[in-house]
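1. what would the 3D arrangement of this be:
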Amino acid sequence: MTDSTDSQASASPLGTNPVAAAPAGVRTAADVVTPEVIAQLTRGVVGSGRTANHTPFTGEKLADLPESTPEDVATAFERARAAQPAWAATSVRTRAAVLLRFHDLVLQRQAEVLDLIQLETGKARLHAHEEVQAVAVSARHYGRRAASYLKPKRHTGVVPTLTKVTELRQPRGVIGQIAPWNYPFELSVGDALPAFVSGNALVMKPDTETALTALWARDLLIEAGLPAEVFQVVLGDGPVVGPEVVKHADYVSFTGSTRTGREVAQGAAARLVGVSLELGGKNAMLVLKDADVEKAAAGAVRACFSSAGQLCISIERLYVHESVADDFVERFATRTKAMRLGNSLAYGADMGSLVGERQLETVTQHVAEAVEKGATLIAGGVARPDIGPLFYEPTILDGVEAPMAVCTQETFGPVVSIYRFSDEDEVIALANATPYGLNSSVWTTDSKRGHQVAARLRTGTVNINEGYAPAYGSVQSPMGGMKDSGLGRRHGSEGILKYTEAQTVAQQRLIPLAPSFGMDDEKYAAFMSRSLKAMKAFRLR
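-> Residues are numbered from 1 along each chain as shown. Sure thing, here's the model as predicted:
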């Protein structure tokens, strides 16, 4: 935390949070998004129309972009489908080498993508760097482990020694990916990497407002050795282009709202193709009575306000044991009010902007309704147009109760509600009392107790003494949601095997699985019965 009296920040009469000063010589949108950059990144995009994206920092247009029609989407899939067999025919190690080269290029040229992420999402540079970290970790992991995940596996046959069985993993074909705006690098190419290394082609529909980041990732992957036709990008309105992606895909990867996720799942089910969905969350953080209050308060700032709260796994409900609640709230509020807001393409700001008018409207409405119905503002609750049109201060609410919208609905902004509790069983029940089940956080100095509480929480990931980063960043382990928070998992074996079809190849040797050697049906049945008993006795699986 930086003290609010920092000489590099200044207070504003419009609110509490100071403004991070822009360093001298900092780059601007015009420096970053040049006509040459736009031409390079949009090369190969199938789009016969025109659209544009804008920066949340000022609301100004960033770039004119190709817009895809339904016919353009069909063309993109045709191109990807034509290129996929040759890509699948290369060795896994050859494909994995592309990911490892991509890893190095991302870290070498990270300043380029950090600028684009900030310009397209409005987030602080450190929060943008979380995406660089996540993509690099995923590229390294699947670059090193893909061959192990995908290698043929031997299994015991129905009759040992006589039946030889091998499980193969075949690519599904062309993956359709619909990526969101809030993490345009990690949730686009980060999810695409295991699809590519398992031999698939991919057609991606990123959000138009954050398309340049996804297109930069495509350009860099091609530089790393990925055949250009294997990675297609289509752009346009979600309700128009999204269903067309689902219509043509052999498997669908979607990250976004629960409402849209249901529509995607229905479209995929009608075609009998698989789907993975990471959807919404109303994530809870539990501060137990033995927690280190200072560390919990610092962790809550990270957990609640990273990317201005526009993170599916960020914390929106804070349950604090009544014995430490006053101390925690005071420390948390002090840190929150000292957060520096900023809009420059440089490190130094603690939080950036919301991404669009819809997010600002939701945040404003949720906070206003809660206060009108009796909630208390502990921090924030103020828009900051002096910094940019979509800035809103990090906000803490106390005394939130149903039926306030902020109590149960996903805000997806820099707003968190404080709830006090006295009984551990009660708070676990409250944390679970939501249709969502994406992420949760437990703070305690007792490791064993933390794991016991974690096991009772109905969320796909649980972090002990941190908000979200340890579980999400541990890419050998699966990440995804329970209940209305989604289907399937990213990361680990599940994150790559979902992009493949399991194929069982069984070879029968010496004798058939049928009466032989003069046995009639009855003698064969008796022989097989004795064999089955023997296999159980020898503890065969």
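2. name the residue closest to the centre of this structure, please.
-> Among the residues of the chain, the one closest to the centroid is residue 187, at 5.0 Å (Cα atoms, centre = their mean).
3. how about that one, what does it touch?
-> The contact partners of residue 187, taken as Cβ atoms under 8 Å, 6 or more residues apart in numbering, are 179-180, 255. All C-beta spots, glycine's among them, are computed from the backbone N, C-alpha and C.
4. filter those down to the buried ones.
-> The neighbour count (16 or more other Cβ atoms under 10 Å) marks 179-180, 255 as buried among the contacts of residue 187.
5. out of the residues you listed, list just those in strands.
-> In strands, defined here by DSSP state E, the members of the buried ones among the contacts of residue 187 are residue 255.
6. residue 541: which of the buried ones among the contacts of residue 187 is nearest?
-> Using Cβ to Cβ, residue 255 comes nearest to residue 541 of the buried ones among the contacts of residue 187, at 37.2 Å.
7. who's that closest one bridged to?
-> residue 278 (DSSP bridges).
8. ok, so what distance separates it from residue 357?
-> Counting by Cβ to Cβ, to the nearest Å, the gap from residue 255 to residue 357 is 21 Å.
9. repeat that for residue 447.
-> 44 Å.
10. ditto for residue 168
-> 50 Å.
11. and the biggest helix by length in the chain, what does it pack onto?
-> Looking across the chain with DSSP state H, the single longest helix is helix 125-150. Under the contact definition 3 or more Cβ pairs under 8 Å, 6 or more residues apart in numbering; DSSP states H and E, helix 125-150 sits against helix 92-108, helix 110-121, helix 189-197, helix 469-473, helix 492-497.
12. to residue 33, which of these lies closest?
-> Here helix 110-121 is closest among those (Cβ to Cβ), at 6.8 Å.
13. now the buried ones among the contacts of residue 187 as JSON lines including pLDDT and distance to residue 31?
-> Listed next are the buried ones among the contacts of residue 187 as JSON lines, based on pLDDT from 0 to 100; distance: Cβ to Cβ, whole Å:
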{"residue": "179", "pLDDT": "98", "distance to residue 31": "26"}
{"residue": "180", "pLDDT": "97", "distance to residue 31": "27"}
{"residue": "255", "pLDDT": "97", "distance to residue 31": "30"}
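14. ok, so of the buried ones among the contacts of residue 187, who is nearest residue 413?
-> Once Cβ to Cβ is applied, the member of the buried ones among the contacts of residue 187 that ends up nearest residue 413 is residue 180, at 14.7 Å.
15. my guess is the closest one meets residue 256, correct?
-> Yes: using Cβ atoms under 8 Å, residue 180 is in contact with residue 256, at 4.9 Å.
16. in this structure, which helix or strand is least confident?
-> strand 9-12 (a mean of 56; mean pLDDT, DSSP states H and E).
17. keeping just the C-alphas, turn the next helix or strand after that strand into PDB.
-> Once strand 9-12 ends, the next helix or strand along the chain (criterion: DSSP states H and E) is strand 15-20. C-alpha atoms of strand 15-20 as PDB (Å, rounded to 0.1, in the frame of the first residue of the first chain):
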ATOM      1  CA  GLY A  15     -13.600  11.800  -3.800                       C
ATOM      2  CA  THR A  16     -11.200  10.300  -1.400                       C
ATOM      3  CA  ASN A  17      -8.800   8.400  -3.600                       C
ATOM      4  CA  PRO A  18      -5.700  10.200  -4.800                       C
ATOM      5  CA  VAL A  19      -4.700  10.300  -8.500                       C
ATOM      6  CA  ALA A  20      -1.500   8.800  -9.600                       C
END
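18. check which helices and strands strand 15-20 sits against.
-> Using 3+ Cβ pairs under 8 Å, 6+ apart, strand 15-20 sits against strand 9-12.
19. out of the helices and strands packed on helix 125-150, which is closest to residue 73?
-> Among the helices and strands packed on helix 125-150, the nearest to residue 73 by Cβ to Cβ is helix 189-197 (16.9 Å).
20. and the closest one, how far out from the chain's middle?
-> 13 Å (Cα atoms, centre = their mean, to the nearest Å).
21. secondary structure class of residue 65, three-state.
-> strand (DSSP: H, G, I helix; E, B strand; the rest coil).
22. quick one: residues contacting it.
-> Counting by Cβ under 8 Å, 6+ apart, residue 65 has contacts 38, 42, 45, 47, 50-53, 208, 211, 235.
23. one more pass at 6 Å, please.
-> Residues near residue 65 by Cβ atoms under 6 Å, 6 or more residues apart in numbering: 51, 211, 235.
24. picking up where we left off before, any idea which element the residue nearest to the centre of the chain lies in?
-> Using DSSP H and E, no helix or strand contains residue 187.
25. separation between it and residue 152?
-> On the measure of Cβ to Cβ, residue 187 and residue 152 end up 31 Å apart.
26. distance check, residue 216 against residue 229.
-> 18 Å.
27. over to residue 311?
-> In terms of Cβ to Cβ, residue 311 sits 33 Å off from residue 229.
28. and the two? which has more neighbours close in?
-> residue 311 (24 against 18; other Cβ atoms under 10 Å).
29. shouldn't the more buried one be within a helix?
-> No: with three-state DSSP as the criterion, residue 311 is coil rather than part of a helix.
30. got the contact list for it?
-> Counting by Cβ under 6 Å, 6+ apart, residue 311 has no contacts.
31. what are the phi and psi values for it?
-> The phi/psi pair for residue 311 (degrees, to the nearest 10) reads phi -140, psi 130.
32. could you count how many residues lie near residue 374?
-> 10.
33. now do residue 57
-> Neighbours around residue 57, by other Cβ under 10 Å: 25.
34. for stretch 209-226, give the mean pLDDT please.
-> What stretch 209-226 shows for mean pLDDT is 98.
35. rewinding a little: so which of the helices and strands packed on helix 125-150 is nearest residue 134?
-> Smallest distance to residue 134 across these (Cβ to Cβ): 5.7 Å, for helix 189-197.
36. show me what the closest one is packed against.
-> Applying 3 or more Cβ pairs under 6 Å, 6 or more residues apart in numbering; DSSP states H and E, we find helix 189-197 packed against helix 92-108, helix 125-150.
37. which one of those is the most hemmed in?
-> With neighbours defined as mean count of other Cβ atoms under 10 Å, the helices and strands packed on helix 189-197 peak in mean count at helix 125-150, which reaches a mean of 20.
38. helix or strand right after that helix?
-> strand 153-156.
39. distance from that next one to the middle of the chain?
-> Centre-to-centre, strand 153-156 and its host chain are 33 Å apart (Cα atoms, centre = their mean).
40. next: stretch 80-87.
-> On Cα atoms, centre = their mean, the centre of stretch 80-87 falls 27 Å from the chain's centre.
41. could you do stretch 413-428 as well?
-> How far stretch 413-428 lies from its chain's middle: 24 Å, per Cα atoms, centre = their mean.
42. so for it, mean pLDDT?
-> Per-residue scores along stretch 413-428 average to 98.
43. what's the end-to-end length of that stretch?
-> Between the start and the finish of stretch 413-428 there is a gap of 24 Å, counting by Cα to Cα, to the nearest Å.
44. the stretch 351-500 of the chain: helices as residue ranges?
-> Under the criterion DSSP state H, counting those that start in this stretch, the stretch 351-500 of the chain carries helices at the ranges 357-372, 405-408, 424-432, 447-456, 469-473, 492-497.
45. want to throw those into TSV with mean neighbour count and distance to residue 317?
-> Formatted as TSV, the helices of the stretch 351-500 of the chain follow (neighbours: other Cβ atoms under 10 Å; distance: least, Cβ to Cβ, whole Å):
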stretch	mean neighbour count	distance to residue 317
helix 357-372	18	13
helix 405-408	20	8
helix 424-432	17	7
helix 447-456	14	15
helix 469-473	18	17
helix 492-497	20	27
